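Trainee: turn this into a model:
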Amino acid sequence: MISERRTGSSLLLSYLSSIPDVSSAGEVIRKLWTLSRSGVLHHIQYSINNCKHKLCFAKLFQSDLEARKVDLKDIKNHIPNARFVILYRRSLLDQFLSFRIAEMTNHYRWNEDFKLPPFIHVSKSELLEFCEETKNHYKQMLSHDWLKDCSIIVDYENLVSNPQKVFDKTIFPFLGLTSCSVSTEMCKQNTKKPEELVANYEEIKPFVSAPCVLQEYSFNA
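Mentor: Numbers count the residues shown, from 1 in each chain. Modelled structure (predicted):
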């Protein structure tokens with residue numbers, strides 16, 4: 001799975017882990033700053049091969065790969081039968097708010113101790129910089145013409161609104177698996193709309209539906 005942080009990657013892995021005969025290696029390279037580029041590739045392969053089942057997922061963030069000078073082509077060359085599920089979030093404002101909530105609360109997943117902040121102040125410059133950086137990561141990720149032959153693209157919004165449909169129509173056919181019920185015990189951290197959460201919402205309101213804070217990707221486009 002190739003994504004960026006706060007895009008629902010843990011949620012998707014949770015759904016995948018509910019499928020019989022599917023394993024998850026989790027997030028495999030986040031703390032491996034001392035490994036060489038070839039060491040990172042070997043570690044990804046080792047993590048996948050060490051899973052219980054033949055079909056195994058590893059979670060990779062594009063920004064982490066870029067920081068280690070690892071390209072998706074490198075992974076494909078190192079693991080020729082690798083396939084990719086690309087996950088993104090259409091609303092970059094929602095993704096940015098998710099980042100801020102996690103940073104403010106030091107909770108990156110919901111649990112019983114989590115308390116949603118009553119308000120968050122959003123810096124316009126920080127928001128726009130975040131949007132540009134995130135889009136650049138996906139631009140680099142999707143720059144490979146060969147990727148469409150071994151990948152699917154899933155967006156967070158559809159995954160949350162109807163996970164079973166996303167699996168039945170997109171993920172199960174891609175994996176060559178028979179459809180089955182998927183489930184998760186994860187809960188959504190942010191239950192508020194931006195206008196309810198952002199203290200200076202009127203200031204950023206013009207950006208909410210602006211192209212600069214939205215993204216959409218498809219191999220059919």
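Trainee: going by C-alpha atoms from here, please, whenever you check contacts or count neighbours.
Mentor: OK.
Trainee: would you list every one of the strands in this structure?
Mentor: 2-3, 22-27, 55-61, 84-88, 151-155 (DSSP state E).
Trainee: just the CA trace of the fourth one, in CSV.
Mentor: Presented in CSV, the C-alpha positions along strand 84-88 are these (Å, rounded to 0.1, in the frame of the first residue of the first chain):
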residue,chain,number,x,y,z
PHE,A,84,0.3,-1.6,-5.4
VAL,A,85,-2.8,-0.2,-3.8
ILE,A,86,-2.6,3.6,-3.9
LEU,A,87,-4.6,5.4,-1.2
TYR,A,88,-5.2,9.1,-1.1
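Trainee: helices or strands up against it?
Mentor: strand 2-3, strand 151-155 (3 or more C-alpha pairs under 8 Å, 6 or more residues apart in numbering; DSSP states H and E).
Trainee: now do the first one
Mentor: Using 3+ C-alpha pairs under 8 Å, 6+ apart as the contact test, the elements touching strand 2-3 are strand 55-61, strand 84-88.
Trainee: gap between the closest residue in space to L60 that isn't next to it in sequence and R30?
Mentor: Closest residue in space to L60, ignoring its immediate chain neighbours: I2 at 5.0 Å, by C-alpha to C-alpha, 6 or more residues apart in numbering. I2 is 13 Å from R30, where distance means C-alpha to C-alpha, to the nearest Å.
Trainee: which one of those two has more residues nearby?
Mentor: I2 (21 against 11; other C-alpha atoms under 10 Å).
Trainee: distance to Y201 and mean pLDDT for the helices and strands packed on strand 84-88 - can I get that in a markdown table?
Mentor: Below are the helices and strands packed on strand 84-88 laid out as a markdown table (distance: least, C-alpha to C-alpha, whole Å; pLDDT from 0 to 100):
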| stretch | distance to Y201 | mean pLDDT |
| --- | --- | --- |
| strand 2-3 | 28 | 97 |
| strand 151-155 | 25 | 98 |
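Trainee: now, of those, which is deepest in the fold?
Mentor: strand 2-3 (a mean of 22; mean count of other C-alpha atoms under 10 Å).
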